[in-house]
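In: need a 3D model of the sequence below.
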Amino acid sequence: MKILVCISNVPDTTTKITFTNDNTQFNTSGVQFIVNPYDEIALSRAIELCEGGKGTVTVINVGEVATEPTIRKALAIGADDAVRINAAPRDAYFTAYQIAEYAKSSDFDVILCGRESIDYNGSQVAAMIGEFLNIPSISIIKKLDFDGSTATIEREIEGGKEVISVTGKFIASCAEGTAEPKIPNMRGIMSARTKPLQVVEAKEIAQLSKVQQFETPAPRGAVKLVPAEDATKLIDLLHQEAKVI
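Out: Numbering: from 1, shown residues only. As a prediction, this is how the structure comes out:
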């Protein structure tokens, strides 16, 4: 089995977010980047499925050279090799197209990614890749198992769960619970330095969307304490200031 795992290079969750160029570009100065946590879950499940010589795991990232430390971490976790599409990931459409174009030439059995990236939270890439490749796309899965060539997938739905069986190639986006993220050990860290990392130039595609401006949330205001017996004042504040009623 050949599994392709899509990984994003995202800011650490403790990063203070700021923007430059008239609030049109994320300010990367002093930012520590990590493997997108949901993608780590997908990677961990891929590694589990391929343990014992059952297959190989390739990670792919659309990014410039600065993302290579993040890719090496994915190799340290246990991926066999990696691919970097040499381009800034300008939007989900561009990213999905680049991954799909590479996948077409490499005959992967399964493609996995996280449910979303923690920077944009778009949840768009997996479905777009499925459309570009004309294969089934299953979103936000909680469990993935194989019996021969048939995959059994579980998704949470309102009031219960949905169980899906898939035969043939597919892409799935993984949520928490699909696998426990793996921590790279010293052997993995050392071997990651020599594992193959192929750099592929991006394919041309029309730009269909463009960021006009980013805005940070308004600063939190001071807390106002209202005596429990003064319900009238509380209602007035919720109506006049908070404007939630």
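
In: can you pull out the strands in this structure?
Out: With DSSP state E as the criterion, the chain has strands at 2-6, 9-11, 19-20, 25-26, 33-35, 56-63, 81-86, 110-114, 137-147, 150-157, 160-167, 170-174, 197-201.

In: looking at those, which is nearest to residue 73?
Out: Checking the strands of the chain against residue 73 by CB to CB gives strand 33-35 as the closest, at 5.6 Å. In this view, the C-beta of every residue, glycine as well, is placed from N, C-alpha and C.

In: counting contacts, what elements does that closest one pack onto?
Out: Judged by 3 or more CB pairs under 8 Å, 6 or more residues apart in numbering; DSSP states H and E, strand 33-35 is in contact with strand 9-11, helix 68-77.

In: pairing partners for the first one, with directions?
Out: If I follow you right, that is strand 9-11. Sheet pairing for strand 9-11, assigned by DSSP bridges, gives strand 33-35 (antiparallel).

In: may I see the buried residues of the partner strand?
Out: Of the residues in strand 33-35, 33, 34, 35 count as buried by neighbour count, 16 or more other CB atoms under 10 Å.

In: so who does the second one touch?
Out: Residue 34 makes contact with 9, 10, 11, 12, 13, 70, 73, according to CB atoms under 8 Å, 6 or more residues apart in numbering.

In: what's the neighbour count on the last one?
Out: Right, the one you point to is residue 73. By other CB atoms under 10 Å, the residues close to residue 73 number 22.

In: repeat that for the second one.
Out: By other CB under 10 Å, the residues close to residue 10 number 21.

In: my guess is it contacts residue 121, does it?
Out: No: with contact defined as CB atoms under 8 Å, residue 10 does not reach residue 121; the gap is 10.4 Å.

In: separation between the residue nearest to residue 74 when sequence neighbours are not counted and residue 152?
Out: Leaving out its chain neighbours, the residue that sits closest to residue 74 by CB to CB, 6 or more residues apart in numbering is residue 59, at 4.5 Å. From residue 59 across to residue 152, the span is 24 Å (CB to CB, to the nearest Å).

In: neighbour count: the two, which is higher?
Out: residue 59 (30 against 13).

In: pLDDT at that one, what is it?
Out: Note for residue 59: predicted pLDDT of 97.

In: cool, residue 6 as well?
Out: Residue 6 carries a pLDDT value of 97.

In: what is the neighbour count of the nearest residue to residue 226 once chain neighbours are set aside?
Out: Nearest residue to residue 226, sequence neighbours excluded (CB to CB, 6+ apart): residue 234, at 4.6 Å. By the criterion of other CB under 10 Å, residue 234 has 13 neighbours.
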